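Trainee: Predicted model follows, preceded by the sequence.
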Amino acid sequence: MEHILRDRRKVVALLLLARRIRRRKRLWVRPQHRAGRCHFHNLVAELRLDGERHRTHFRMRADQMDHLLSLIGPDLTKATTNYRKPIDPKQRMAVALRYLGSGESLCSLALAYRMGNSTVSSCIELTCEAVSRRLGEMCVPPLSEADWRGISQRFHQERGFPSCLGAVAGKRFSGQVPQVCRANLQEYTVTALALVDTDLRFRALQIGAQLEGYAASALGRGMEDGTLHVPEDALLPGAPHLGKLPFVMVADTAFPLKVHLMRPYPEPCSEQRQLFNARLARARGVADDAFAVLAARWPALYRRINLLPRKVEALVRAACLLHNMLLDPAESHALLREAAADDRRPLQAVRSMGSKNATRRAYYIRDKFCRYVSSPEGGAPGQDEEP
C-alpha cells in the first residue's frame with residue numbers, strides 16, 4: 001500500500017513540474033526567414049536594374065513580370081490578420097517563376113527565399129492556378145472561321161501544306177508524389193495535347209493525367225461534331241480536278257488517321273508517298289519546335305516534378321499559357337538554339353493516341369493530298385528541305 005502512495009506522489013510531482021515548464025510558442029516566421037534576408041528582397045531588387053540578368057533569372061523581362069502581376073495579383077493576395085502579415089503577391093509569383101525557370105528543387109528554393117518547403121509548394125500552386133484562371137481564355141481563345149483560314153494560309157505559304165489548320169502533338173511530363181504524401185502511387189505522367197500554328201503558338205490545349213486519346217479529347221470531339229467553326233471543304237490551290245477536300249491537321253504516327261487528321265504513310269512506301277511524308281513532317285515540325293521552346297524557357301518541365309498530380313497539371317498548363325503570353329519570334333529562335341545545344345533528353349512524346357484503324361474516306365483524303373503535293377501545282381523548290 002505504501003509503495004502505491006509513493007508512486008502516486010511521484011506522478012503528482014511530475015504533473016506539477018510539467019505545468020511549470022513554459023511551453024515554447026511556435027513561430028509563424030523564423031527570424032532568419034523575415035524580410036530583408038532572402039532573394040526577393042535583395043537579389044530581385046538588383047535584377048530589376050539589369051534587364052538581361054532579370055530575363056535569365058525569371059525567364060521574362062521586368063515589364064512582362066509587372067504585367068503578369070497586374071493580371072494575377074488579386075488571386076495571390078491574402079488577408080492580413082492579427083497573427084501575421086501575408087506573403088506579398090509579387091513574392092509568391094517570383095517563387096513560382098523561379099521554380100519554373102530554373103528547375104531547382106523545392107528545398108533549394110525554400111532556402112533561397114527563406115520559406116518552408118510547404119510554403120514554396122503553396123506559392124507554386126497558387127500562382128499556377130491563378131495563371132490558368134486569368135490567362136486561359138486570353139492566351140488560348142476560341143478560334144473563329146477567319147482565324148482558321150489565316151492559320152491555313154500561313155501553313156501553305158511557309159510550310160507548303162495546303163488547307164492545314166495546325167500541327168497536333170502530345171508530350172508527357174513526369175511527376176513524383178512527395179514522400180510525405182505517398183500511399184500506393186509514387187510516379188505518374190501528365191499528358192499535354194496541343195494544336196500549334198506556324199508562330200509556335202498553342203491554339204488548342206488540353207492537359208491531364210487521365211487523357212485517354214485523341215478521339216476522347218476536346219479537340220478530337222470538336223472536329224468530329226463540327227463545333228469548332230472549321231471552314232467548309234474547299235478546293236486546293238490550282239487543283240480543281242481533285243475536288244473539294246476538308247481542312248486538316250497534321251500529326252505523327254502516334255495519332256490515328258482521321259478525315260480531319262493526317263498522319264504519315266507507313267514505311268517503306270513509294271516515292272510519291274515519301275514526298276508527302278516529307279511535306280507533312282515539315283508542317284508538323286512546328287509542334288516539336290513549340291514544345292522545345294516551352295521546355296527551354298521553363299527547364300522545370302525536364303525534371304520529374306515532385307508535386308501532387310493536380311499541381312503538376314496546373315504547372316504544365318500555366319507554363320503553356322505563359323509560353324503564349326511571352327511568345328516573340330526573335331526570342332523563340334534563341335530558345336530553339338538553346339534547346340538544340342542542351343544535352344538533356346527532349347520532352348517525351350506520347351506513344352499512342354488512338355487506334356491505327358481508319359475509315360475509307362480518311363484514306364481517300366490522304367491520297368488526294370498526296371497527289372496534290374507531288375503535282376506541279378503543289379510543289380515548290382526547297383519546300384521539302386528541312387526548315
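Mentor: Cool, the structure landed. Residues are numbered from 1 along each chain as shown.

Trainee: And the contacts of the host helix or strand of Lys90?
Mentor: Using DSSP states H and E, Lys90 maps to helix 89-102. Applying Cβ atoms under 8 Å, 6 or more residues apart in numbering, the contact partners of helix 89-102 are 39-40, 44, 57-60, 65, 68-69, 72-73, 76-77, 104, 106, 109, 112-113, 115, 120, 123-124, 126-128, 297-301, 315, 318-319, 322. For glycine as for every other residue, the C-beta is placed from the backbone atoms N, C-alpha and C.

Trainee: Can you list the buried residues in the very next helix or strand once past it?
Mentor: Once the chain leaves helix 89-102, the next helix or strand it forms, by DSSP H and E, is helix 106-112. Judged by neighbour count (16 or more other Cβ atoms under 10 Å), helix 106-112 contains these buried residues: 106, 109-110, 112.

Trainee: can I see the domain layout of this structure?
Mentor: Following automatic domain parsing, the chain resolves into domains at 31-137, 143-373.

Trainee: Could you dump those into JSON lines with distance to Gly379 and mean pLDDT added?
Mentor: Converted to JSON lines, these look like this (distance: least, Cβ to Cβ, whole Å; pLDDT from 0 to 100):
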{"stretch": "domain 31-137", "distance to Gly379": "40", "mean pLDDT": "86"}
{"stretch": "domain 143-373", "distance to Gly379": "7", "mean pLDDT": "91"}
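
Trainee: Find the nearest non-adjacent residue to Gln272, please.
Mentor: Closest residue to Gln272 apart from its sequence neighbours, by Cβ to Cβ, 6 or more residues apart in numbering: Ser374 at 4.6 Å.

Trainee: pretty sure the one you found contacts Asn277?
Mentor: No - contact criterion Cβ atoms under 8 Å: Ser374 and Asn277 do not qualify, at 11.2 Å.

Trainee: what are the phi and psi angles of the residue nearest to Gln272?
Mentor: Per-residue torsions, Ser374: phi -90, psi 0 (degrees, to the nearest 10).

Trainee: before we move on, what about Leu205?
Mentor: phi -150, psi 130.

Trainee: how many neighbours does it have?
Mentor: Number of residues near Leu205 (other Cβ atoms under 10 Å) recorded here: 21.

Trainee: Report the contact partners of it.
Mentor: Leu205 neighbours (Cβ under 8 Å, 6+ apart): 140, 192-195, 317, 320-321.

Trainee: ok, now with 10 Å
Mentor: 136, 139-140, 192-196, 218-219, 316-317, 320-321, 323-324 (Cβ atoms under 10 Å, 6 or more residues apart in numbering).

Trainee: Who does it form a beta bridge with?
Mentor: Ala194 (DSSP bridges).

Trainee: out of the buried residues of helix 106-112, who's nearest Ala209?
Mentor: Among the buried residues of helix 106-112, Leu106 lies closest to Ala209 (Cβ to Cβ), at 20.1 Å.

Trainee: I'd say that closest one and Glu125 touch.
Mentor: No - taking contacts as Cβ atoms under 10 Å, Leu106 lies outside contact range of Glu125: 11.5 Å.

Trainee: what is in contact with these two at once?
Mentor: Leu307.

Trainee: rewinding a little: is it possible to export the buried residues of helix 106-112 to CSV including distance to Glu232?
Mentor: Listed next are the buried residues of helix 106-112 as CSV, based on distance: Cβ to Cβ, whole Å:
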residue, distance to Glu232
Leu106, 51
Leu109, 52
Ala110, 56
Ala112, 56
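
Trainee: Mind checking what secondary structure Gly285 has?
Mentor: On the three-state scheme (DSSP: H, G, I helix; E, B strand; the rest coil), Gly285 is labelled helix.

Trainee: correct me, but it touches Gly160?
Mentor: No - judged on Cβ under 10 Å, Gly285 makes no contact with Gly160 at a distance of 11.7 Å.

Trainee: Please identify which of these two sits among more neighbours.
Mentor: Using other Cβ under 10 Å as the criterion, Gly285 and Gly160 rank with Gly160 on top: 21 against 17.

Trainee: From Ala281, how far out is that one?
Mentor: 11 Å (Cβ to Cβ, to the nearest Å).
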